[in-house]
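> Take this sequence and fold it.
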Amino acid sequence: MDKRQPSKTDTVQSVDVCIDVLLNVAKNPDIRLTEVAQNLGETKPRILRMLRTLERRGLVRKSDTGTYRLGTTAIILGTAASTQVDLVRIANPILEEVGQKANETTQLRIIDNGESLCIAKFEPMRDLRVQAMIGRRRPLTAGSYKVLLAYLHPQVQLQMIPETLPRLTKRTITDRGKLVAELDKIRRQGFCVSYGEVSEQLVSVSVPVLAFDGSVIAAVNVGAPAFRTQKSDVDRFIVLLKEASSKISARLGW
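This next block holds a predicted model:
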């Protein structure tokens, strides 16, 4: 008997077919196993294995009559995707408004795979400014993006803080106990200000954005060169960002 292990190509093909099965169920609620197999040109035993896997993960559910439709996990994924698309569309003009008033770079960041990820930005028309890049990642444990970490459930928060914290500058917090205390402070005051934690020349301010259910879905941020940023500027950034956060949250249903 051939007991060879599935190759990487086999695995990728299986995942590809599994996605096809999920999409087929999404487009055809209350579809039957035979119909899915016919639509995809696959055998019934193979499609049944896929459906059972998807059912186990809550992505599809089987009715008493043997038909299939999307499960609760798929609905959660769809809601999350819709919210994130809406988030960028809603946030873009608000980021521009804040950026023009502050005359500094603004960003919208979310948590992605244990890091903060830039998904929208605005840069002012001035020669010396903070350079932002959509898709750029930064650690959650340094800089004002700590605000995203601060609003997580304490147990989840601790799981996301590595045992060894990377030192990016001499101002970066590298002690876990001090970081946890700082996160508690951020949560109580509702914003985070960072002076040179990621870059010595950068001052960064972030405020959380709430989703329709009151959870923190993102953070709005102003980043400015340290040499021209005074305490009065930081205070003004906080006010502008809180107003921006409220506008975005309200349009997301909060």
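
> what's near enough to touch the nearest residue to Ser116 once chain neighbours are set aside?
Computed as CB to CB, 6 or more residues apart in numbering, the closest residue to Ser116 that is not its neighbour in sequence is Tyr145, at 3.9 Å. All C-beta atoms are positioned from the backbone trio N, CA, C, and that covers glycine. Contacts for Tyr145 (CB atoms under 8 Å, 6 or more residues apart in numbering) come out as Arg109, Ser116, Arg138, Pro139, Cys192, Ser204, Ser206, Ala219, Asn221.

> In the chain, which helix is the longest?
Criterion DSSP state H: the longest helix present in the chain is helix 72-102.

> How about the contacts made by Arg176?
Counted by CB under 8 Å, 6+ apart, Arg176 has contacts Ile161, Glu163, Leu165.

> Tell me where the stretch 101-250 of the chain has strands.
105-112, 115-122, 137-139, 192-195, 202-210, 216-225 (DSSP state E, counting those that start in this stretch).

> out of these, nearest to Glu42?
Of all those, strand 105-112 sits nearest to Glu42, with 33.0 Å by CB to CB.

> Quick one: mean pLDDT over that closest one.
For strand 105-112, mean pLDDT is 94.

> tell me which residues in it are buried?
Buried residues in strand 105-112, counted by 16 or more other CB atoms under 10 Å: Thr105, Thr106, Gln107, Leu108, Arg109, Ile110, Ile111.

> Including distance to Leu179, could those residues go into a markdown table?
Formatted as a markdown table, the buried residues of strand 105-112 follow (distance: CB to CB, whole Å):
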| residue | distance to Leu179 |
| --- | --- |
| Thr105 | 25 |
| Thr106 | 25 |
| Gln107 | 22 |
| Leu108 | 24 |
| Arg109 | 18 |
| Ile110 | 20 |
| Ile111 | 16 |
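
> Farthest-apart pair in these, please.
Farthest-apart pair in the buried residues of strand 105-112 is Thr105 and Ile111; separation 20.4 Å (CB to CB).

> Return the backbone torsion pair for the residue nearest to Ser116.
Main-chain dihedrals, Tyr145, degrees, to the nearest 10: phi -70, psi -10.

> Check Leu165 too.
Dihedral pair for Leu165: phi -90, psi 130, per degrees, to the nearest 10.

> what about the closest residue to it other than its chain neighbours, how many residues close to it?
Counting by CB to CB, 6+ apart, Leu165 lies nearest to Thr174, which is 4.5 Å off, once chain neighbours are set aside. Thr174 is flanked by 13 other residues according to other CB atoms under 10 Å.

> which regions of the protein lie under the pLDDT threshold?
1-11, 79-80, 82-84 (pLDDT under 70).

> got a list of what Thr174 touches?
Thr174 sits next to Thr164, Leu165, Pro166, Arg167 when contact means CB under 8 Å, 6+ apart.

> Adding neighbour count, write those residues out as TSV.
Below are the contacts of Thr174 laid out as TSV (neighbours: other CB atoms under 10 Å):
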residue	neighbour count
Thr164	7
Leu165	17
Pro166	10
Arg167	12
